[in-house]
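A.B. asks: no FASTA, just this:
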């Protein structure tokens, strides 16, 4: 059904929907519902089961837009029906799980928060070769990384704030790397990340501060095993090849 011009009659004389005004009012009501309660036409027609989401109360202190992230807080209901699960949502401040908003949500209002599956997110892309995202403390925009709790499925070219397709739950926390400089025990240094079929994938700052008592420095040009610690928001060298 499409909008009609004023004065146009629709249907027969006995049809209650026979004026342009009534038809257009019905269509406006439908559009309002899709915008404010169903997350838009596209979100409303997503296949069932494609995304797992809960209702979240925006307690971040500011209006939020779809694609931004909130940390999942306390349960606000004891209802067991999936569509009625309600939680508190705020900017990340600890190690709790996070989700991505499917709706624009004013401060203090409720909206849908995706917690599993494919979703569009407003990602701060730091490096075009990054493959994953993590949820940064006190930031509504997920940040790109070589590891983290969600995989980047598709993203535009370039860096900066980008609308990316990510998959919540497709996590990766370990990578192989190659040291660029000597890295002292209880210190940090630059490590090139190894990615299959990418000649220059990029680098990370890796911390050699995990169980390093009585250990010597790691030399340059050495293969290492990197572990992403989400609670510390840092890469840590877990092991190194023998020199």
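C.D. replies: Structure received. A quick note: this is a predicted structure, and the numbers were derived from the prediction, not measured.

A.B. asks: what about the strands in the chain?
C.D. replies: Secondary structure of the chain, counting by DSSP state E: strands at 52-58, 69-75, 86-90, 98-101, 110-125, 132-134, 143-145, 148-154, 160-172, 174-179, 187-193, 203-208, 223-229, 234-240.

A.B. asks: May I have the phi/psi pair for residue 230?
C.D. replies: Backbone torsions for residue 230, taken as degrees, to the nearest 10, come to phi -70, psi -30.

A.B. asks: Give the closest residue to it in space, chain neighbours not counted.
C.D. replies: residue 134 (6.0 Å; CB to CB, 6 or more residues apart in numbering). C-beta here means a position set from N, CA and C on the backbone, and glycine is covered the same way.

A.B. asks: so what pLDDT did the one you found get?
C.D. replies: On pLDDT, residue 134 comes in at 97.

A.B. asks: Can you tell me how far it is from residue 142?
C.D. replies: Residue 134 sits 7 Å away from residue 142, going by CB to CB, to the nearest Å.

A.B. asks: So for those two, which residues contact both of them?
C.D. replies: By CB atoms under 8 Å, 6 or more residues apart in numbering, residue 134 and residue 142 have these common neighbours: residue 150.

A.B. asks: Mind checking which of those two has more residues around it?
C.D. replies: It is residue 142, of residue 134 and residue 142, that has more neighbours when counted by other CB atoms under 10 Å, with 29 against 21.

A.B. asks: ok, the more buried one - contacts?
C.D. replies: With CB under 8 Å, 6+ apart, residue 142 has these contacts: 69, 98, 100, 121-124, 133-136, 150, 166.

A.B. asks: Taking the residues you listed, please make a ChimeraX selection of just the buried ones.
C.D. replies: This is how ChimeraX selects the buried members of the contacts of residue 142, with burial counted by 16 or more other CB atoms under 10 Å:
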select :69,98,100,121,122,123,124,133,134,135,136,150,166
